[in-house]
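Engineer: Quick check, what structure comes out for this input:
(one chain, ligands or ions: 1)
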Amino acid sequence: MPDGIAIDYDGLIPNNVGLADDPRVCKALETWYPGYIDWWKTMGPALFKNDPVFLRTAVGVGSDNWAKFDFVRMPEFRWGILLAPAIENRVIPFGAHKGEPAWQEVPGEYRAMLRRLLVIQGDTEPASVEQQRHLGATAPSLYDLRNLFQVNVEEGRHLWAMVYLLQKYFGRDGREEAEELLRRRSGDTDSPRMLGAFNERTPDWLSFFMFTFFTDRDGKMQLAALAQSGFDPLSRTCRFMLTEEAHHMFVGETGVARTIQRTCEAMRAAGISDPYDIERVRALGVIDLPTLQKKANLHFSLTLDLFGNEISTNAANAFNAGLKGRYQEDRLTDDHQLIHDTYPVPRPRDGVLVTEAVPALSALNIRLRDDYVADAAAGVNRWNRVFAQTGIDFRIILPHVAFNRRIGEFSAVHADTEGHVVSREDWEQRRESMLPSAEDNLFIASLMRPVRERGAFASWIAPPRHGIDNQPGDFEYVKIDG
Ligand code: BYC
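Structural biologist: Take a look at the predicted model:
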């Protein structure tokens, strides 16, 4: 077996990083463990805490057969430290140190920058678990309940991934940061999570699916950029996290697609062809399509803020340092240093959006955001096929990147979903046609009744095409009171 593929399951913490031979880090992690379990019990899933759930657990870090499925009670889940296999003779792929051997230890001059990147990444993981804490109460099926818990335990593992790097490479500072990661709380006024979208509520399952489609996809992009890092332990960590992340986006994409499918089928059966006949559509117990569009507008715009400022010296410094690359950096064919390059950045100027060429190094956040938008648009196109298949005349459209922004160039203006800069009054007047209104949210909430019978689904969502791990449609994914 190649180096670093086998996982050691003997100790308290499963790992493929040789914890058994690293007593200092092993002790730090074991000291952190009770606080983590405490956090999980108070801030993790509020219901079904001790019921057996059909979960996947990583048993390897290769590309095939890396997971096994079995019934696990969540507090007993084996959260582990798992790094993708080392690439022999790997070099730093970009920035000022391009071509030098990848770092196996933290380069002293970049210590603070690296620590900040790890802490921000680490902070998002428990935040999402906190945001999703109450969703178990209203799961539309046992299949969906299981998927929620799978996402939750893996986000928990992603916190472990960052905590390991902090504790192994940052000594006392790292241990303090690891404690802080358990102390901050999503939405808390005194001690909130670090990035905006992770302090928003995830009140219903449509929000959960939109979040896993849009916001987990930011996770994919950021992890992909960090997977290029010249700091090799970070690169290996993120490469394995990406393997798990794919399922989270699958949950979001298929969750929304199943919602669209159910609405379209119900409309067809009732002979309704106008998607804007909202009252009649809602009376069918399904989510009307304009409300789905508004939810997409909200989650897309909140997620765009996670890319930071379009023009960012932080991003330029992290690239120059060789710590955070671009999406698929290793497949790009430029000089990987970008010193003389420019990148087009749209910015508001005197009430209109203009595109300006700015130094490419300063524009790395927007470049990653552009890659993200293309990736999200491909997923939206797959949703739109469901309309075509069911014969309903509708399309979900991504709003303009200027819409509803709180971070970056566009936070200074009000722009509508098509990117027109409008007055504050105009925006406020049209707000409820672009973002979910209180009434829309109440309607969605009214549909969120739990369905816990095997093989049954709530009125507003279609069953999945396939079961998890090829299980049959009536499989008991969560053994409630089991
Ligand atoms: N909210 O120069 P700028 C995931 C701050 S999701 C609040 O643009 P930079 C997941 C910024 O911190 C992926 N503050 O910053 C998904 C800075 O403050 P300081 C998470 C914000 O560094 C679902 C100042 O504004 N991973 O994994 O270029 C479920 C200047 O900004 C925000 C990462 O994000 C904001 N939205 O860009 C579970 C990767 N944006 O330091 C998990 C690591 C900016 O000057 N993070 N600020 O006081 C980074 O690469 C960068 O820090 C950011 C920001 C892209 C976040």
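Engineer: would you say residue 55 is within a strand?
Structural biologist: Yes: judged by DSSP: H, G, I helix; E, B strand; the rest coil, residue 55 forms part of a strand.
Engineer: who's in contact with it?
Structural biologist: Contacts for residue 55 (CB atoms under 8 Å, 6 or more residues apart in numbering) come out as 69, 70, 71, 72, 74, 77, 146, 149, 150, 153. Heads up, the C-betas are built off the backbone N, CA and C, glycines and all.
Engineer: Please name the residues that touch residue 219.
Structural biologist: 124, 245, 248.
Engineer: Residue 203 belongs to a helix?
Structural biologist: No: according to three-state DSSP, residue 203 belongs to no helix; its state is coil.
Engineer: which residues of the stretch 301-450 of the chain fall in strands?
Structural biologist: 342-349, 352-359, 414-415, 421-422 (DSSP state E, counting those that start in this stretch).
Engineer: roughly how far is the last one from the heart of the chain?
Structural biologist: Spelled out, it's strand 421-422. The chain centre lies 30 Å from the centre of strand 421-422; the measure is CA atoms, centre = their mean, to the nearest Å.
Engineer: In this protein, where is pLDDT below threshold?
Structural biologist: For the chain, the stretches with pLDDT under 70 are 1-5.
Engineer: residues in it within reach of the ligand, list them.
Structural biologist: Proximity of the chain to the ligand (CB under 6 Å from any ligand atom) is limited to residues 117, 120-121, 124-125, 128, 155, 195-196, 215-216, 218-219, 222, 305-309, 312, 314-315, 324, 365, 407.
Engineer: so how far is residue 38 from the closest residue to the ligand within the chain?
Structural biologist: Using CB to the nearest ligand atom, residue 308 is the residue of the chain that sits closest to the ligand, at 2.5 Å. Per CB to CB, to the nearest Å, residue 308 is found 32 Å from residue 38.
Engineer: Neighbour count for these two, which is higher?
Structural biologist: The neighbour comparison of residue 308 against residue 38 (other CB atoms under 10 Å) goes to residue 308, with 18 against 11.
Engineer: My read is that the more buried one contacts residue 314, right?
Structural biologist: Yes: with contact defined as CB atoms under 8 Å, residue 308 reaches residue 314; the gap is 7.2 Å.
Engineer: Helix or strand for the most centrally placed residue in the chain, just tell me which one.
Structural biologist: Nearest residue to the geometric centre of the chain (CA atoms, centre = their mean): residue 216, 1.6 Å. Element membership for residue 216 (DSSP states H and E) is helix 216-226.
Engineer: Quick check: buried residues in that helix?
Structural biologist: Neighbour counts over helix 216-226 (16 or more other CB atoms under 10 Å) mark 216, 217, 218, 219, 220, 221, 222, 223, 224, 225, 226 as buried.
Engineer: now those residues in JSON lines, with distance to residue 183?
Structural biologist: Converted to JSON lines, the buried residues of helix 216-226 look like this (distance: CB to CB, whole Å):
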{"residue": "216", "distance to residue 183": "24"}
{"residue": "217", "distance to residue 183": "28"}
{"residue": "218", "distance to residue 183": "24"}
{"residue": "219", "distance to residue 183": "22"}
{"residue": "220", "distance to residue 183": "27"}
{"residue": "221", "distance to residue 183": "27"}
{"residue": "222", "distance to residue 183": "23"}
{"residue": "223", "distance to residue 183": "24"}
{"residue": "224", "distance to residue 183": "29"}
{"residue": "225", "distance to residue 183": "27"}
{"residue": "226", "distance to residue 183": "24"}
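Engineer: just curious, which of those residues is nearest to residue 482?
Structural biologist: Taking CB to CB as the measure, residue 482 lies nearest residue 216 of these, at 28.6 Å.
Engineer: List the contacts of that closest one.
Structural biologist: 151, 245, 248, 249, 252.
Engineer: Let me know whether the second one touches residue 223 as I believe.
Structural biologist: Yes: with contacts defined as CB under 8 Å, residue 245 counts as touching residue 223 at a distance of 6.4 Å.
Engineer: and the residue lying closest to residue 482 once chain neighbours are set aside, how many residues sit next to it?
Structural biologist: Closest residue to residue 482 apart from its sequence neighbours, by CB to CB, 6 or more residues apart in numbering: residue 52 at 4.8 Å. Per other CB under 10 Å, the neighbour tally for residue 52 reads 19.
Engineer: from memory residue 52 sits against residue 480, does it?
Structural biologist: No: contact between residue 52 and residue 480 fails when scored by CB under 8 Å: they sit 9.2 Å apart.
Engineer: Spatially nearest residue to the residue of the chain closest to the ligand, not counting backbone neighbours?
Structural biologist: Using CB to CB, 6+ apart and skipping residues adjacent in sequence, the residue nearest residue 308 is residue 365, 4.6 Å away.
Engineer: again, but for residue 469
Structural biologist: In this structure, residue 469 finds its nearest non-sequential neighbour in residue 69, 4.3 Å apart by CB to CB, 6+ apart.
Engineer: Could you do residue 444 as well?
Structural biologist: Of all residues not flanking residue 444 in the chain, residue 204 sits nearest, at 5.0 Å (CB to CB, 6+ apart).
Engineer: quick one: contacts for the one you found?
Structural biologist: Counted by CB under 8 Å, 6+ apart, residue 204 has contacts 135, 138, 441, 444, 445, 448.
Engineer: rerun at 7 Å
Structural biologist: 444, 445, 448 (CB atoms under 7 Å, 6 or more residues apart in numbering).
Engineer: Good, we can wrap up now.
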